[in-house]
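Colleague: show me how the following folds:
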Amino acid sequence: MKNIEDYKKQLDELKEKINIELENYFHFKLQECNDKKIADIITRLRDFTMNGGKRVRPILMILGYSMFAEENEKIIKASISIEMAQSFLLIHDDIMDQSDMRRGKPSFHKGIEQSMKGDGIARIAENIAISAGDLIDTFSHEALIRSGFNVENLLDADLEFSRIIEDTGKGQILDIYSSIEDVYSEERLLKLHFLKTARYTIQGPLLMGVYLSGNKEYIDDIKEFGKYAGIAFQLYDDLLGLFGNEEKTGKPVKGDVNEGKKTLLMIKAYNNSDTETKNFIQRCLKSGNINDSDFYHLREIVKSTGSYEYTLTKINEYNNLARSALVRINGNQKIKEMLDFLLEYLIKRQN
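Modeller: Numbering: from 1, shown residues only. As a prediction, this is how the structure comes out:
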């Protein structure tokens, strides 16, 4: 069993390979572009994609492949597809959420807005950003197709890729509706987390890599691992969203509350409260711009109602279910150990 520093080094090495391949791909797209305005947007897409990011999705895609096949140049080339899809989804998500910041810098549409002058610039900037998101979505599929795998495995992986984006879209629809619904259940929330997070953050990338390896024997176990690991990841992300360090997360600490998100923290706090406190929680989630006093009081309610501890318990529960599925997979033991380490990292990270 490797120590933590060995795993971090291996992850950093994979991240570096992915970053180099991303740079190469954007260079290729800029080389074939003959329009200055479009080239400017591609450059912005490159800068947005290269600005931070843990590269969890492409790393998981590589690990999924490496459970059953030797890592090679083709899987590195293929892995950038899911990272560019991440940029596509984040760009559109920030427009929908009206987020000004992403990873400590202006969100994509805000960056464009700040570079322009004139009336109605905000809407024009958003329209350009939507189109840029569509553009990098096409880049993501092209990168996968150009990776060099045989057609059968490539079709399986690309079909999975399309399903990931489809499920993420369905999850986004549920998420938008959740912000205007007064009553929201834990069951519905977990469905949302599976569709919007588990599918494209954990399960989907792993499956894409496995399909590219040509080994389909453990698909069901991999699906189960990805589902539960993804839900645990999102529940922890919601904890960071309310209690995390803004400087480390790169996101406004009040963001989830201002967006009216019905996280498990909010659902359990609401269910465990008296009428007066329930009304206060609803007012906070509908405010759109919560003040400091109400925000800190809301955090105290989450803790005093047992919602914080309940969420931690559910994170550990799903974490254990994911590990049980991982044990059943007969793949490269070193890769399985890496996945186990990564699972632990995802639910204990600070950003």
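Colleague: only C-alpha atoms for contact and neighbour calcs from this point on.
Modeller: Will do.
Colleague: now the host helix or strand of residue 47, how far from the centre of its chain.
Modeller: In this structure, residue 47 is located in helix 36-50 according to DSSP states H and E. Its chain's average C-alpha position is 21 Å from that of helix 36-50, according to Cα atoms, centre = their mean, to the nearest Å.
Colleague: could you look up the next helix or strand downstream of that helix?
Modeller: If you walk from helix 36-50 toward the C-terminus, the next helix or strand you reach (DSSP H and E) is helix 56-66.
Colleague: which secondary structure elements does that next one sit against?
Modeller: Using 3 or more Cα pairs under 8 Å, 6 or more residues apart in numbering; DSSP states H and E, the elements in contact with helix 56-66 are helix 4-31, helix 73-97, helix 204-213, helix 333-346.
Colleague: related to what we said a few turns ago, contacting residues around the helix holding residue 47?
Modeller: Residues outside helix 36-50 that contact it (Cα atoms under 8 Å, 6 or more residues apart in numbering) are 19, 22-23, 26, 29-30, 33, 83-84, 87, 108, 132, 136.
Colleague: among the residues you listed, who's most crowded?
Modeller: Neighbours were tallied for each of the contacts of helix 36-50 (criterion: other Cα atoms under 10 Å), and the maximum of 30 neighbours falls on residue 108.
Colleague: can you pull the contacts of that residue?
Modeller: Contacts of residue 108 by Cα under 8 Å, 6+ apart are 44, 48, 91, 94, 102, 129.
Colleague: list the buried residues in the helix holding residue 47.
Modeller: Residues of helix 36-50 classed as buried: 39, 41, 42, 43, 44, 45, 46, 48, 49, 50 (neighbour count, 16 or more other Cα atoms under 10 Å).
Colleague: stretch 65-73 now?
Modeller: In stretch 65-73, the ones that count as buried by 16+ other Cα under 10 Å are 65, 66, 67, 68, 69.
Colleague: CA atoms of that stretch as PDB?
Modeller: What follows is stretch 65-73, C-alpha atoms only, in PDB (Å, rounded to 0.1, in the frame of the first residue of the first chain):
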ATOM      1  CA  TYR A  65      -9.100   2.300 -18.500                       C
ATOM      2  CA  SER A  66      -6.000   1.400 -16.500                       C
ATOM      3  CA  MET A  67      -7.900  -1.100 -14.400                       C
ATOM      4  CA  PHE A  68      -8.000  -3.500 -17.400                       C
ATOM      5  CA  ALA A  69      -5.400  -2.100 -19.800                       C
ATOM      6  CA  GLU A  70      -2.000  -0.400 -19.800                       C
ATOM      7  CA  GLU A  71      -2.000   3.400 -19.700                       C
ATOM      8  CA  ASN A  72      -1.000   4.900 -23.100                       C
ATOM      9  CA  GLU A  73      -1.000   8.000 -25.100                       C
END
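Colleague: list of residues touching that stretch?
Modeller: For stretch 65-73, contacts defined as Cα under 8 Å, 6+ apart pick out 62, 75, 206, 208-213, 215, 331-333, 335-336.
Colleague: ok, of these, which come out buried?
Modeller: When burial is judged by neighbour count using 16+ other Cα under 10 Å, the buried members of the contacts of stretch 65-73 are 62, 75, 206, 208-213, 215, 331, 335-336.
Colleague: adding distance to residue 290, write these out as a markdown table.
Modeller: A markdown table is the format used below for those (distance: Cα to Cα, whole Å):
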| residue | distance to residue 290 |
| --- | --- |
| 62 | 41 |
| 75 | 45 |
| 206 | 38 |
| 208 | 41 |
| 209 | 42 |
| 210 | 44 |
| 211 | 46 |
| 212 | 47 |
| 213 | 49 |
| 215 | 50 |
| 331 | 49 |
| 335 | 44 |
| 336 | 43 |
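Colleague: wait, what's in contact with residue 289?
Modeller: Per Cα under 8 Å, 6+ apart, neighbours of residue 289: residue 258.
Colleague: quick one, phi/psi of it?
Modeller: Listed backbone geometry of residue 289 is phi -160, psi 70, with angles given as degrees, to the nearest 10.
Colleague: can you tell me how far it sits from residue 256?
Modeller: Here the criterion is Cα to Cα, to the nearest Å. By it, residue 289 lies 11 Å from residue 256.
Colleague: got any ranges where this protein has weak pLDDT?
Modeller: Within the chain, the stretches with pLDDT under 70 are 1-2, 249-250, 350-351.
Colleague: quick one: secondary structure of the residue positioned nearest the centre of it?
Modeller: With distances taken as Cα atoms, centre = their mean, residue 201 lies nearest the centre of the chain, 5.1 Å away. When classified by DSSP: H, G, I helix; E, B strand; the rest coil, residue 201 comes out as helix.
Colleague: perfect, I'm done here.
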